[in-house]
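*Asks:* Compute the structure for the input listed below.
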Amino acid sequence: MKKLTFVIGTVLLMALFSSGKCRKDPIPCTIYGSISGTVRDKETLEPIEGARITLSPGIKSTMTKADGKYEFNNLDPKQYDISVQKIDYKSDGLKPTVVVCETTPGDIMLEKIK
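*Replies:* Below is the predicted model:
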């Protein structure tokens, strides 16, 4: 009985290893990078939904989600200008540098117009 249990266990382990389930393959790296960040209110630190984020060069734009997050993927490695606009807030910006195979942080705080 012990021999049968050993054989079954060995067969199961071999099946797991050969199927790749136990092996963690590395994520392939590309020639691009990305920028990811959150836009927040400078005073309250609350996330700001619906802020327009514009990236140049390339003239790409997106809107922040309910959690204030935004993301630009598949970017060439170089420095970009990010501008942020939201009604009732002073516009602000950032100059992140994208690096190959990395996500560059792009958190921005906006000040409310009083």
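*Asks:* Please count neighbours and contacts with C-alpha atoms only from this point.
*Replies:* Fine.
*Asks:* Okay, now the unreliable bits of the chain?
*Replies:* Residues of the chain meeting the criterion pLDDT under 70: 1-27.
*Asks:* Quick check: longest strand in it by residues?
*Replies:* What stands out as the longest strand in the chain, according to DSSP state E, is strand 33-41.
*Asks:* tell me which strands and helices it is in contact with?
*Replies:* Helices and strands touching strand 33-41, by 3 or more Cα pairs under 8 Å, 6 or more residues apart in numbering; DSSP states H and E, are strand 69-75, strand 103-105, strand 108-110.
*Asks:* Please identify the buried residues of the last one?
*Replies:* Across strand 108-110, burial judged by 16 or more other Cα atoms under 10 Å covers 108-110.
*Asks:* quick one: which of those residues is nearest to residue 91?
*Replies:* Nearest to residue 91 out of these is residue 110 (Cα to Cα; 7.1 Å).
*Asks:* Verify the stated contact: the closest one with residue 93.
*Replies:* No: with contact defined as Cα atoms under 8 Å, residue 110 does not reach residue 93; the gap is 9.2 Å.
*Asks:* tell me the contacts of the spatially most central residue of the chain?
*Replies:* By Cα atoms, centre = their mean, the chain has its centre lying nearest to residue 36, at 4.6 Å. Residue 36 sits next to 69-72, 103-107 when contact means Cα atoms under 8 Å, 6 or more residues apart in numbering.
*Asks:* One more pass at 10 Å, please.
*Replies:* Counting by Cα atoms under 10 Å, 6 or more residues apart in numbering, residue 36 makes contact with 69-73, 103-107.
*Asks:* what's the distance between the nearest residue to it once chain neighbours are set aside and residue 92?
*Replies:* What sits nearest to residue 36 in space, not counting adjacent residues and going by Cα to Cα, 6 or more residues apart in numbering, is residue 71, at 4.3 Å. To residue 92, residue 71 is 17 Å away according to Cα to Cα, to the nearest Å.
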